[in-house]
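Student: I would like to see how this sequence folds:
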Amino acid sequence: MLMRRHVLLIAMLLAMTSLVSAQQRQITGKVKGGDGKPVSFATIQVKGTSNGAAADEKGNFKLNIPGNNEVLVIRSVGYTTKEIPAGSNSYLEVTLTADETNLQEVVVTGLGIQRSKKALGYAVQDVKGDELTKAGQSDALRGLSGKVAGVQITAFFGYAGSGYLH
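Tutor: The predicted structure is shown next:
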């Protein structure tokens, strides 16, 4: 009799576990920008929860959600946030719209503190990428030489990438 109760209890636990896991389902998908290119490392979150995932560098994601009535919130820097219902779909392709109004210039000061350029009480120098390529140097560190005040590039062993900053 006792053995029969244990078997019945185990069977009930297994049935409940399968019901709980049956409610969870996986959604896969891809996040793209308006130009059709993948949006790397976008975040996909179930609205109102901490359940979420991040897309990979190709915009692909996988997310476990509890049911069909969930709303997914998709975010990425430089794009407007988008909310879409998950529905019964197992694959979603999401296109985000660029948000030019939200982009601002950020200056990283000592110790990684970020400030807007206007909020600083001192001069800031900019070095654009095309200025580094015009320098004709073998690496980016040597390309900085003479472009930023107070930065001196010295070759350590004489091969590409061996310079260090003073």
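
Student: domains of this protein?
Tutor: Domain ranges of the chain: 25-101, 122-165, per automatic domain parsing.

Student: Tell me which of those domains is the most buried.
Tutor: Most buried of the domains of the chain by mean neighbour count (mean count of other CB atoms under 10 Å) is domain 25-101; its value is a mean of 15. C-betas here are computed from N, CA, C, even on glycine.

Student: ok, residue 86 - contacts?
Tutor: Counting by CB atoms under 8 Å, 6 or more residues apart in numbering, residue 86 touches 27, 65, 68, 69, 70, 71, 72, 92.

Student: Comparing the domains of the chain by mean pLDDT, which bottoms out?
Tutor: If you rank the domains of the chain by mean pLDDT, domain 122-165 sits at the bottom with a mean of 64.

Student: hang on, the earlier thing: quick one: closest of the domains of the chain to residue 5.
Tutor: Residue 5 lies closest, by CB to CB, to one member of the domains of the chain: domain 25-101, at 32.0 Å.

Student: Just the CA trace of the helix or strand encompassing residue 73, in CSV.
Tutor: Element membership for residue 73, per DSSP states H and E: strand 71-75. This file holds the C-alpha atoms of strand 71-75, laid out as CSV (Å, rounded to 0.1, in the frame of the first residue of the first chain):
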residue,chain,number,x,y,z
VAL,A,71,4.7,41.2,-25.4
LEU,A,72,8.4,41.3,-26.3
VAL,A,73,10.4,44.6,-25.9
ILE,A,74,13.3,44.9,-28.3
ARG,A,75,16.0,47.6,-27.6
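
Student: Residues contacting it, please?
Tutor: Contacts for strand 71-75 (CB under 8 Å, 6+ apart): 27, 31, 42-47, 63, 65, 81-86, 92, 94, 96.

Student: isn't residue 76 right next to residue 42, touching?
Tutor: Yes. Using CB atoms under 8 Å, residue 76 is in contact with residue 42, at 3.9 Å.

Student: possible to save the domains of the chain as TSV with distance to residue 10?
Tutor: TSV is the format used below for the domains of the chain (distance: least, CB to CB, whole Å):
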stretch	distance to residue 10
domain 25-101	25
domain 122-165	62
